[in-house]
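> Next come a sequence and a model predicted from it.
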Amino acid sequence: MQRLIQILYPPQCAMCDARTESDFGLCGSCWSQTPFIEGLCCNGCGTPLPGDDAPDERLLCDDCMVVARPWSKGRATLVYKDHARRIVLSLKHGDRTDLVRAVGPWMLKSAEPLMTPETLVVPIPLHHFRLLRRKFNQAALLAGQLAQLAGVDCCPDGLVRTKRTAPLDGHNRDQRFETLSGAIIANQKRATQLKGRKILLVDDVMTSGATFAAATEASFAAGADDVYVLSLARVVKDA
(Lines give C-alpha, C1' and ligand atoms only; values in the text may rest on other atoms or scores of the structure.)
Protein backbone atom coordinates (compact mmCIF):
# COMPACT_ATOMS: atom_id res chain seq x y z
CA MET A 1 0.00 0.00 0.00
CA GLN A 2 2.78 2.43 0.91
CA ARG A 3 4.50 1.67 -2.41
CA LEU A 4 1.27 2.36 -4.27
CA ILE A 5 0.83 5.67 -2.48
CA GLN A 6 4.37 6.68 -3.46
CA ILE A 7 3.67 5.83 -7.08
CA LEU A 8 0.40 7.77 -7.14
CA TYR A 9 1.72 10.66 -5.03
CA PRO A 10 5.51 10.79 -5.37
CA PRO A 11 7.41 12.97 -2.88
CA GLN A 12 7.77 16.58 -3.95
CA CYS A 13 10.05 19.40 -2.88
CA ALA A 14 8.62 21.40 0.01
CA MET A 15 9.16 24.62 -1.96
CA CYS A 16 8.43 23.62 -5.57
CA ASP A 17 6.92 20.82 -7.66
CA ALA A 18 10.19 18.99 -8.30
CA ARG A 19 10.34 15.36 -7.20
CA THR A 20 12.49 14.40 -4.24
CA GLU A 21 13.60 11.15 -2.64
CA SER A 22 11.52 11.68 0.49
CA ASP A 23 8.64 13.77 1.77
CA PHE A 24 9.25 17.16 3.40
CA GLY A 25 12.62 17.64 1.72
CA LEU A 26 14.10 20.08 -0.78
CA CYS A 27 15.16 19.44 -4.34
CA GLY A 28 18.75 20.16 -5.33
CA SER A 29 17.92 23.56 -6.78
CA CYS A 30 15.98 24.78 -3.73
CA TRP A 31 18.60 23.35 -1.39
CA SER A 32 21.36 25.32 -3.12
CA GLN A 33 19.33 28.52 -2.70
CA THR A 34 18.71 27.95 1.00
CA PRO A 35 21.47 29.61 3.08
CA PHE A 36 22.17 27.23 5.96
CA ILE A 37 24.38 28.43 8.80
CA GLU A 38 27.23 25.98 9.13
CA GLY A 39 30.71 26.10 10.62
CA LEU A 40 31.86 28.98 12.79
CA CYS A 41 29.08 31.14 14.21
CA CYS A 42 28.41 33.65 16.96
CA ASN A 43 27.86 31.95 20.30
CA GLY A 44 25.31 34.57 21.26
CA CYS A 45 22.91 34.59 18.30
CA GLY A 46 24.13 32.12 15.68
CA THR A 47 25.25 34.65 13.08
CA PRO A 48 27.77 33.00 10.73
CA LEU A 49 31.36 34.16 11.25
CA PRO A 50 34.40 33.92 8.99
CA GLY A 51 37.19 31.51 9.83
CA ASP A 52 37.58 27.92 10.93
CA ASP A 53 35.41 26.26 13.53
CA ALA A 54 36.56 26.95 17.09
CA PRO A 55 34.00 25.33 19.43
CA ASP A 56 35.97 26.05 22.61
CA GLU A 57 36.05 29.80 22.09
CA ARG A 58 33.20 32.11 23.03
CA LEU A 59 33.15 34.03 19.78
CA LEU A 60 30.63 36.85 19.36
CA CYS A 61 29.44 38.85 16.37
CA ASP A 62 29.60 42.66 16.35
CA ASP A 63 26.01 43.00 17.58
CA CYS A 64 26.49 40.63 20.51
CA MET A 65 29.65 42.47 21.55
CA VAL A 66 27.68 45.72 21.71
CA VAL A 67 24.31 44.53 23.04
CA ALA A 68 24.24 42.56 26.28
CA ARG A 69 22.38 39.28 25.78
CA PRO A 70 20.55 38.02 28.88
CA TRP A 71 20.58 34.43 27.59
CA SER A 72 23.62 32.12 27.74
CA LYS A 73 23.93 30.87 24.16
CA GLY A 74 22.07 31.21 20.89
CA ARG A 75 21.93 29.52 17.51
CA ALA A 76 20.12 29.99 14.19
CA THR A 77 19.56 27.54 11.37
CA LEU A 78 19.32 29.78 8.30
CA VAL A 79 20.36 33.25 7.16
CA TYR A 80 17.19 35.24 6.49
CA LYS A 81 17.45 35.67 2.73
CA ASP A 82 16.69 33.86 -0.53
CA HIS A 83 14.77 30.62 0.05
CA ALA A 84 15.12 30.93 3.83
CA ARG A 85 13.09 34.14 3.73
CA ARG A 86 10.56 32.46 1.47
CA ILE A 87 10.25 29.53 3.87
CA VAL A 88 9.67 31.81 6.87
CA LEU A 89 7.09 33.97 5.08
CA SER A 90 5.30 30.92 3.67
CA LEU A 91 5.05 29.45 7.16
CA LYS A 92 4.02 32.67 8.87
CA HIS A 93 1.69 34.24 6.32
CA GLY A 94 1.01 31.53 3.74
CA ASP A 95 -0.50 28.88 6.03
CA ARG A 96 2.29 26.47 5.04
CA THR A 97 2.33 24.74 8.41
CA ASP A 98 3.58 21.60 6.64
CA LEU A 99 6.97 23.30 6.36
CA VAL A 100 7.47 22.69 10.09
CA ARG A 101 8.16 19.03 9.30
CA ALA A 102 10.79 20.05 6.74
CA VAL A 103 12.70 22.49 8.94
CA GLY A 104 12.41 20.51 12.19
CA PRO A 105 15.45 18.28 11.54
CA TRP A 106 17.48 21.31 10.44
CA MET A 107 16.67 23.12 13.68
CA LEU A 108 17.45 20.01 15.71
CA LYS A 109 20.97 19.98 14.29
CA SER A 110 21.43 23.67 15.15
CA ALA A 111 20.10 23.07 18.67
CA GLU A 112 22.54 20.29 19.55
CA PRO A 113 25.01 22.60 21.41
CA LEU A 114 22.14 24.03 23.46
CA MET A 115 20.14 21.01 24.55
CA THR A 116 20.27 18.33 27.25
CA PRO A 117 17.68 15.66 28.09
CA GLU A 118 16.35 18.03 30.76
CA THR A 119 15.80 20.96 28.39
CA LEU A 120 12.34 22.54 28.31
CA VAL A 121 11.45 24.00 24.90
CA VAL A 122 9.32 27.15 25.07
CA PRO A 123 8.11 29.16 22.05
CA ILE A 124 8.01 32.93 21.80
CA PRO A 125 4.32 33.81 22.34
CA LEU A 126 1.93 35.76 20.13
CA HIS A 127 -0.52 38.26 21.54
CA HIS A 128 -3.97 36.63 21.66
CA PHE A 129 -5.43 39.10 19.13
CA ARG A 130 -2.72 38.22 16.60
CA LEU A 131 -3.14 34.54 17.39
CA LEU A 132 -6.88 34.78 16.66
CA ARG A 133 -6.19 36.44 13.32
CA ARG A 134 -3.40 34.08 12.26
CA LYS A 135 -4.98 31.00 13.87
CA PHE A 136 -1.63 29.53 14.88
CA ASN A 137 1.67 30.54 16.44
CA GLN A 138 4.45 29.53 14.07
CA ALA A 139 6.98 29.58 16.93
CA ALA A 140 4.85 27.11 18.89
CA LEU A 141 4.66 24.78 15.88
CA LEU A 142 8.45 24.92 15.48
CA ALA A 143 9.01 24.38 19.20
CA GLY A 144 6.67 21.40 19.29
CA GLN A 145 8.32 19.76 16.31
CA LEU A 146 11.80 20.34 17.73
CA ALA A 147 10.87 18.93 21.14
CA GLN A 148 9.28 15.87 19.56
CA LEU A 149 12.37 15.15 17.46
CA ALA A 150 14.70 15.72 20.42
CA GLY A 151 12.59 13.74 22.86
CA VAL A 152 12.36 16.57 25.39
CA ASP A 153 9.52 18.45 27.07
CA CYS A 154 7.75 21.38 25.44
CA CYS A 155 5.62 24.01 27.19
CA PRO A 156 3.77 25.77 24.35
CA ASP A 157 2.11 28.33 26.62
CA GLY A 158 4.89 28.84 29.14
CA LEU A 159 5.08 32.53 28.27
CA VAL A 160 2.38 35.04 27.33
CA ARG A 161 2.54 38.35 25.50
CA THR A 162 0.69 41.02 27.46
CA LYS A 163 1.22 43.92 25.05
CA ARG A 164 -0.31 44.13 21.60
CA THR A 165 2.77 45.57 19.88
CA ALA A 166 2.75 46.82 16.30
CA PRO A 167 4.88 45.01 13.69
CA LEU A 168 8.53 45.91 14.25
CA ASP A 169 9.53 46.15 10.59
CA GLY A 170 11.34 49.44 10.02
CA HIS A 171 12.14 49.97 13.71
CA ASN A 172 15.74 50.42 14.76
CA ARG A 173 17.32 48.34 17.49
CA ASP A 174 16.59 50.76 20.34
CA GLN A 175 12.96 51.13 19.27
CA ARG A 176 12.51 47.35 19.18
CA PHE A 177 13.89 46.93 22.70
CA GLU A 178 11.76 49.79 24.03
CA THR A 179 8.60 48.42 22.39
CA LEU A 180 9.10 44.92 23.77
CA SER A 181 10.17 45.92 27.29
CA GLY A 182 7.77 44.17 29.67
CA ALA A 183 5.69 42.81 26.78
CA ILE A 184 6.27 39.14 27.70
CA ILE A 185 5.71 37.50 31.06
CA ALA A 186 5.55 33.95 32.38
CA ASN A 187 2.19 32.23 32.29
CA GLN A 188 1.26 31.94 35.97
CA LYS A 189 -0.46 28.61 35.25
CA ARG A 190 2.87 27.21 34.00
CA ALA A 191 5.26 28.92 36.43
CA THR A 192 6.10 25.68 38.24
CA GLN A 193 7.11 24.07 34.94
CA LEU A 194 9.62 26.85 34.20
CA LYS A 195 11.15 27.04 37.68
CA GLY A 196 14.58 25.44 37.93
CA ARG A 197 14.61 24.36 34.27
CA LYS A 198 17.08 24.93 31.47
CA ILE A 199 14.90 26.61 28.86
CA LEU A 200 15.36 26.78 25.10
CA LEU A 201 13.36 29.64 23.60
CA VAL A 202 12.31 29.13 19.97
CA ASP A 203 11.18 31.64 17.33
CA ASP A 204 11.03 31.85 13.55
CA VAL A 205 13.25 34.92 13.05
CA MET A 206 15.75 36.86 15.13
CA THR A 207 16.47 40.44 14.08
CA SER A 208 17.69 42.63 16.95
CA GLY A 209 17.15 40.04 19.68
CA ALA A 210 14.67 42.26 21.54
CA THR A 211 11.93 39.63 21.57
CA PHE A 212 14.27 36.92 22.80
CA ALA A 213 15.60 39.31 25.47
CA ALA A 214 12.10 40.05 26.77
CA ALA A 215 11.26 36.34 26.82
CA THR A 216 14.55 35.49 28.55
CA GLU A 217 13.93 38.04 31.30
CA ALA A 218 10.43 36.63 31.79
CA SER A 219 11.87 33.11 32.04
CA PHE A 220 14.41 34.12 34.67
CA ALA A 221 11.71 36.00 36.58
CA ALA A 222 9.81 32.70 36.71
CA GLY A 223 12.84 30.97 38.23
CA ALA A 224 14.46 29.37 35.17
CA ASP A 225 17.91 27.96 35.86
CA ASP A 226 19.34 28.98 32.47
CA VAL A 227 18.08 30.16 29.08
CA TYR A 228 19.22 29.50 25.51
CA VAL A 229 17.69 30.74 22.27
CA LEU A 230 17.16 29.25 18.81
CA SER A 231 15.71 30.87 15.70
CA LEU A 232 14.87 29.26 12.40
CA ALA A 233 16.42 32.25 10.61
CA ARG A 234 18.75 35.09 11.60
CA VAL A 235 18.72 38.50 9.95
CA VAL A 236 22.33 39.25 9.10
CA LYS A 237 23.74 42.59 8.00
CA ASP A 238 24.57 42.71 4.30
CA ALA A 239 23.22 39.15 3.94
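Thanks, I have it. Numbers count the residues shown, from 1 in each chain.

> which residue ranges form the helices in the protein?
Per DSSP state H, the chain carries helices over the ranges 2-8, 28-32, 62-66, 82-93, 99-111, 128-134, 138-150, 173-180, 191-194, 210-221.

> For those helices, give me a markdown table that also has mean pLDDT.
Listed next are these as a markdown table, based on pLDDT from 0 to 100:
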| stretch | mean pLDDT |
| --- | --- |
| helix 2-8 | 49 |
| helix 28-32 | 92 |
| helix 62-66 | 93 |
| helix 82-93 | 94 |
| helix 99-111 | 96 |
| helix 128-134 | 80 |
| helix 138-150 | 98 |
| helix 173-180 | 73 |
| helix 191-194 | 92 |
| helix 210-221 | 95 |
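
> Looking at the ones you listed, which one is packed in the most?
Mean neighbour count, computed with mean count of other C-beta atoms under 10 Å, is highest for helix 210-221 among the helices of the chain, reaching a mean of 23. Where C-beta positions appear, they are placed from N, C-alpha and C, glycine not excepted.

> Which residues does it contact?
69-71, 74, 122, 124-125, 158-159, 168, 173, 176-177, 179-186, 194, 199, 201, 203, 206, 227, 229, 231 (C-beta atoms under 8 Å, 6 or more residues apart in numbering).

> Can you check what angle separates that helix from helix 138-150?
60 degrees (axes from the mean of the first three to the mean of the last three C-alpha atoms, to 10 degrees).

> list the contacts for the most centrally placed residue in the chain?
Of all residues in the chain, the one closest to the mean position by C-alpha atoms, centre = their mean is residue 231, 2.6 Å from it. Residue 231 makes contact with 46, 74-77, 202-206, 212 under the criterion C-beta under 8 Å, 6+ apart.

> Correct me if wrong: residue 144 contacts residue 155.
No: if you go by C-beta atoms under 8 Å, residue 144 and residue 155 don't touch, sitting 10.2 Å apart.

> which neighbours do those two share?
Common neighbours of residue 144 and residue 155 (C-beta under 8 Å, 6+ apart) are residue 121.

> re earlier: redo the helices of the chain as a markdown table? Include distance to residue 41.
Putting these into a markdown table (distance: least, C-beta to C-beta, whole Å) gives the following:
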| stretch | distance to residue 41 |
| --- | --- |
| helix 2-8 | 37 |
| helix 28-32 | 20 |
| helix 62-66 | 11 |
| helix 82-93 | 15 |
| helix 99-111 | 9 |
| helix 128-134 | 30 |
| helix 138-150 | 18 |
| helix 173-180 | 20 |
| helix 191-194 | 27 |
| helix 210-221 | 16 |
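
> Skip the chain neighbours and tell me the closest residue to the residue nearest to the centre of the chain.
Nearest non-adjacent residue to residue 231, counting by C-beta to C-beta, 6 or more residues apart in numbering: residue 206, 3.9 Å away.

> and the gap between residue 195 and residue 229?
Residue 195 is 19 Å from residue 229, where distance means C-beta to C-beta, to the nearest Å.

> These two - which one has more neighbours?
Ranked by neighbour count (other C-beta atoms under 10 Å), residue 195 and residue 229 place residue 229 first, with 29 against 13.

> now residue 157, nearest residue through space, not along the chain?
residue 187 is the one closest to residue 157 (C-beta to C-beta, 6+ apart), at 5.4 Å.

> Tell me how many other residues crowd residue 96.
Residues lying near residue 96 (other C-beta under 10 Å) number 18.

> Could you pull up the residues touching residue 131?
Per C-beta under 8 Å, 6+ apart, neighbours of residue 131: residue 137.

> I am finished for the moment; much appreciated.
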